[in-house]
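Novice: sequence and predicted model, in that order:
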Amino acid sequence: MTWIVSETGVSNTRNLRTGEVFTYAADEIRSERTGIHARVSITLGKTVLAYDLFNVDRHKERVSLANAASGRVNGSVAQNYYAELYGAEEERDKHKPDPIRLDLDAFCGLIWAKWCGRFEAELLGGDLDTPPPPFMLSPYILEESGTILFAPGGSGKSYVALLMAVSVDAGCSDLWKVRQQPVLFVNLERSARSVLRRLGLVNAALAQDATRRLRFINARGHTLSSIMDQISAIVAAEHIGLVVIDSISRGGYGDLNENKAANLAMDELNSACPTWLAIAHQAWESQNAKSEKTPHPFGSVAFQDASDITVQIRSEVTENKTLGVGLVMRKANDIAKADLQVWALEFDYNGLVLVRPAEDKEFTTVEAGRPQTVADRIEELLGEIHGLSRGDIAAEITKRGYTILENTVGTHLNTMKGQGKVVLYSDLWFLPSRE
């Protein structure tokens, strides 16, 4: 039998002398607490006889799969298979194990060893002539690397990610120097209608045709884990160079604070596409004015460990409704940390109209990186959760590490309402729409 090991799984073929070819294949191979799990299929030629996802160490499951496959093999082919294993002259003996069951047992017994065997030790020598890793979008996205863009809700990170995505896909170096590559944007946060409008606004702001197309997966209400196979298939079929995820908060791998869930999410993303940009929320404890922690993405430290670059977004809104976003590089592997970049995003009643470099001291809060005010915290919370009472706002901010009274929240809300920063509908507070 002939083994083949690929990036997605392993397979083994039994070529009968009479011409028939049986293939045993396994993918989605992983080690769980209870044993080795995989999706195993048995095919005859191009016909799938049976498949199942199960613990390959369990005899009962293997017997069930083998029996299902054997039941679809006609008498002459079954006799040929029997003769291949037991000899052409021997009559079939019902007391002898079915040939498919024998080969399936042998296959399942070696799946894990063959799968792990794709990694081998190499003797490597250092090379000072090897060039540094190139940028796909300088200085924030390295080729064959992962970048996490993080900020509290309502800070403009989705707009920044979409600006980066269109820049790379269009080969537009107006904001950042880019190397053009096909881009896939995975939208897990917003309606398809909202994304369509934002794309038109971003296209126009980058001096592109507003109707210019970008590859999207719109999967609001679904998790990243549930569509990862589709992402991998599109990356391969469309030769995608960059995948943008909005956001990894919708991972669906378990508690984001757990290392196992974070590692699984990052492993699957790295497998799907070598170069990726993922949006994340900022950890609340690192927003607390009393905290000495460096700002970082919400969740396990494994998210930061798996990325090569992490970029924090600081934001500030001026009286004329211009949004200032500052890009602060918090982690950089193999490169020097970039200096703070500050961009001005100008809006009118229709939405985004212009992106430009900020003027000196135009956004003093962003440039200074001062601790958050209560108003900042309220804006960020309402950017994440739309429609809260003042009591709910006080309770949520307190739960996230900054103790505050409901009356204090009410005082700030009234001030912010007068400034046009929040609006009140039926005792619930919202951010004014920028759509």
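Specialist: Happy to help now that I have it.
Novice: secondary structure class for the closest residue to Arg215 other than its chain neighbours?
Specialist: Spatial nearest neighbour of Arg215, chain neighbours left out: Leu184 (4.8 Å); criterion: C-beta to C-beta, 6 or more residues apart in numbering. C-betas here are computed from N, CA, C, even on glycine. Of the three states, Leu184 takes strand under DSSP: H, G, I helix; E, B strand; the rest coil.
Novice: ok, Asp392 next?
Specialist: Using three-state DSSP, the structure places Asp392 in helix.
Novice: and it, how many neighbours?
Specialist: Other residues within reach of Asp392 by the criterion other C-beta atoms under 10 Å amount to 16.
Novice: likewise Ala205?
Specialist: Neighbour count of Ala205, defined by other C-beta under 10 Å: 23.
Novice: okay, the nearest residue to it once chain neighbours are set aside and Asp174: tell me how far apart.
Specialist: Excluding its sequence neighbours, the residue lying closest to Ala205 (C-beta to C-beta, 6+ apart) is Val355, at 4.9 Å. Taking C-beta to C-beta, to the nearest Å as the measure, Val355 falls 8 Å from Asp174.
Novice: list residues touching both of these two?
Specialist: Counting by C-beta atoms under 8 Å, 6 or more residues apart in numbering, the contacts common to Val355 and Asp174 are Leu206.
Novice: can you give me the helices in the protein?
Specialist: Ranges of helices in the chain, per DSSP state H, are 59-70, 75-86, 99-116, 157-170, 192-205, 224-238, 259-272, 301-306, 364-368, 374-384, 390-399, 406-418.
Novice: what's the domain layout of this structure?
Specialist: Using automatic domain parsing, the domains assigned to the chain come out as 2-116, 135-368, 374-430.
Novice: low-confidence ranges in the stretch 301-435 of the chain?
Specialist: Scanning the stretch 301-435 of the chain for pLDDT under 70 picks out 369-372, 400-402, 434-435.
Novice: need the pLDDT of Ala289.
Specialist: With respect to pLDDT, Ala289 has a value of 45.
Novice: er, Cys273 I mean
Specialist: Reported pLDDT for Cys273: 91.
Novice: re the thing from before, higher neighbour count, Val355 and Asp174?
Specialist: Val355 (20 against 15).
Novice: does that one touch Trp343 like I think?
Specialist: Yes. Counting by C-beta atoms under 8 Å, Trp343 is a contact partner of Val355 at 6.0 Å.
Novice: identify the contacts common to the two.
Specialist: With C-beta under 8 Å, 6+ apart, Val355 and Trp343 have common neighbours Leu175.
Novice: now the helices of the chain in JSON lines, with distance to Ala278?
Specialist: JSON lines is the format used below for the helices of the chain (distance: least, C-beta to C-beta, whole Å):
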{"stretch": "helix 59-70", "distance to Ala278": "36"}
{"stretch": "helix 75-86", "distance to Ala278": "48"}
{"stretch": "helix 99-116", "distance to Ala278": "27"}
{"stretch": "helix 157-170", "distance to Ala278": "9"}
{"stretch": "helix 192-205", "distance to Ala278": "17"}
{"stretch": "helix 224-238", "distance to Ala278": "9"}
{"stretch": "helix 259-272", "distance to Ala278": "7"}
{"stretch": "helix 301-306", "distance to Ala278": "8"}
{"stretch": "helix 364-368", "distance to Ala278": "22"}
{"stretch": "helix 374-384", "distance to Ala278": "17"}
{"stretch": "helix 390-399", "distance to Ala278": "25"}
{"stretch": "helix 406-418", "distance to Ala278": "31"}
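Novice: deepest of those, which one?
Specialist: Burial of these is given as mean neighbour count (mean count of other C-beta atoms under 10 Å); helix 157-170 ranks first at a mean of 24.
Novice: quick one: low-confidence ranges for the stretch 151-300 of the chain?
Specialist: Across the stretch 151-300 of the chain (using pLDDT under 70), the flagged ranges come out as 284-293.
Novice: got the CA positions of the lengthiest strand in the chain in CSV?
Specialist: Assignment by DSSP state E gives strand 21-32 as the longest strand of the chain. What follows is strand 21-32, C-alpha atoms only, in CSV (Å, rounded to 0.1, in the frame of the first residue of the first chain):
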residue,chain,number,x,y,z
VAL,A,21,-8.1,1.0,-6.4
PHE,A,22,-9.3,1.4,-2.8
THR,A,23,-8.2,4.6,-1.0
TYR,A,24,-8.2,5.2,2.8
ALA,A,25,-7.9,8.9,3.6
ALA,A,26,-7.9,11.0,6.8
ASP,A,27,-8.2,14.7,7.4
GLU,A,28,-9.1,17.0,10.3
ILE,A,29,-6.5,15.0,12.3
ARG,A,30,-6.1,16.1,15.9
SER,A,31,-5.1,14.7,19.2
GLU,A,32,-7.8,15.0,21.9
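Novice: quick check: Val202 vs Ser315, distance?
Specialist: Taking C-beta to C-beta, one finds Val202 at 17 Å from Ser315.
Novice: I meant to write Thr364 there.
Specialist: Counting by C-beta to C-beta, the separation of Thr364 from Ser315 is 13 Å.
Novice: do Glu20 as well
Specialist: 65 Å.
Novice: who has more neighbours, the two?
Specialist: Ser315 (23 against 16).
Novice: wait, the more buried one sits on Ser158?
Specialist: No. With contact defined as C-beta under 8 Å, Ser315 does not reach Ser158; the gap is 11.8 Å.
Novice: ok, the residue nearest to Trp115 when sequence neighbours are not counted - contacts?
Specialist: Closest residue to Trp115 in three dimensions, ignoring its sequence neighbours and counting by C-beta to C-beta, 6+ apart: Ile29, at 5.0 Å. Going by C-beta under 8 Å, 6+ apart, Ile29 touches 9-10, 36-38, 111-112, 115.
Novice: how near is Ile29 to Ile100?
Specialist: Where Ile100 is concerned, Ile29 sits at a distance of 21 Å (C-beta to C-beta).
Novice: what does Ser158 give?
Specialist: In this view, Ser158 and Ile100 are 52 Å apart by C-beta to C-beta.
Novice: ditto for Gln230
Specialist: Applying C-beta to C-beta to Gln230 and Ile100 gives a distance of 32 Å.
Novice: same check, this time on Ser64
Specialist: Ser64 is 12 Å from Ile100, by C-beta to C-beta.
Novice: same check, this time on Gly420
Specialist: 72 Å.
Novice: with Leu124 instead?
Specialist: Leu124 sits at a distance of 43 Å from Ile100 (criterion: C-beta to C-beta).
Novice: over to Leu242?
Specialist: Taken as C-beta to C-beta, the span from Leu242 to Ile100 is 44 Å.
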